[in-house]
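Undergrad: Sharing a sequence plus its predicted fold:
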Amino acid sequence: MDSLTPTLNDLYKRGRMMWTEQGQGWIGQPDEVLDALATDGFSECHRERPASASGRQPTEGTWDGVNPHTRSVASVTWTVRRAAEPPMVCIEIDGDAITRPAPTPVER
């Protein structure tokens, strides 16, 4: 993995994903979130993107990964909304919804 690939916290700090109370999820690009989880140590074990009609881009998907060092399981689901709206991404780790960035060692 490229050392310049951001972590989930980095995506949040850079404004690449933002929490929305209204949608109860993150606004962000699914591929960036999945790459960040890989940087955080998660390895993909399942991905599903249902086929869409007329060869259009799928409007939803799911991804599951495991961190072999911590044995944590991450699940991500996403929905691509109207063209003018960015995708909505929901992230769970070990069954807990991630609704804010993890504290850094300095913040603990």
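TA: Arrived safely.
Undergrad: going forward, measure contacts and count neighbours with C-alpha atoms only.
TA: Noted.
Undergrad: Show me which positions of the top helix by length along the chain end up buried.
TA: For the chain, the helix that runs over the most residues, judged by DSSP state H, is helix 30-39. Neighbour-count burial for helix 30-39, counted by 16 or more other Cα atoms under 10 Å, picks out 30, 32-39.
Undergrad: In TSV, list the residues you listed along with pLDDT and distance to residue 13.
TA: Converted to TSV, these look like this (pLDDT from 0 to 100; distance: Cα to Cα, whole Å):
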residue	pLDDT	distance to residue 13
30	92	17
32	94	14
33	95	13
34	95	16
35	95	16
36	95	13
37	96	15
38	95	18
39	95	15
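Undergrad: and the residue sitting nearest the centre point of the chain, how far is that from residue 98?
TA: The residue lying closest to the centre of the chain (Cα atoms, centre = their mean) is residue 33, at 3.5 Å. The gap separating residue 33 from residue 98 is 12 Å, by Cα to Cα, to the nearest Å.
Undergrad: low-scoring stretches of the protein, by residue?
TA: Low-confidence regions of the chain, defined by pLDDT under 70, span residues 1-3, 51-58, 103-108.
Undergrad: cutoff 50 now
TA: 1-2, 106-108 (pLDDT under 50).
Undergrad: All the strands of it, residue numbers only.
TA: For the chain, the strands defined by DSSP state E occupy 17-20, 25-28, 43-48, 60-67, 72-79, 88-93, 96-97.
Undergrad: from these, which stretch is densest packed?
TA: A comparison of the strands of the chain by mean neighbour count, using mean count of other Cα atoms under 10 Å, puts strand 25-28 on top with a mean of 23.
Undergrad: I'd assumed residue 97 was in contact with residue 75.
TA: No. Using Cα atoms under 8 Å, residue 75 makes no contact with residue 97, being 9.2 Å away.
Undergrad: Pull up the overlap in contacts between the two.
TA: Counting by Cα atoms under 8 Å, 6 or more residues apart in numbering, the shared contacts of residue 75 and residue 97 are residue 91.
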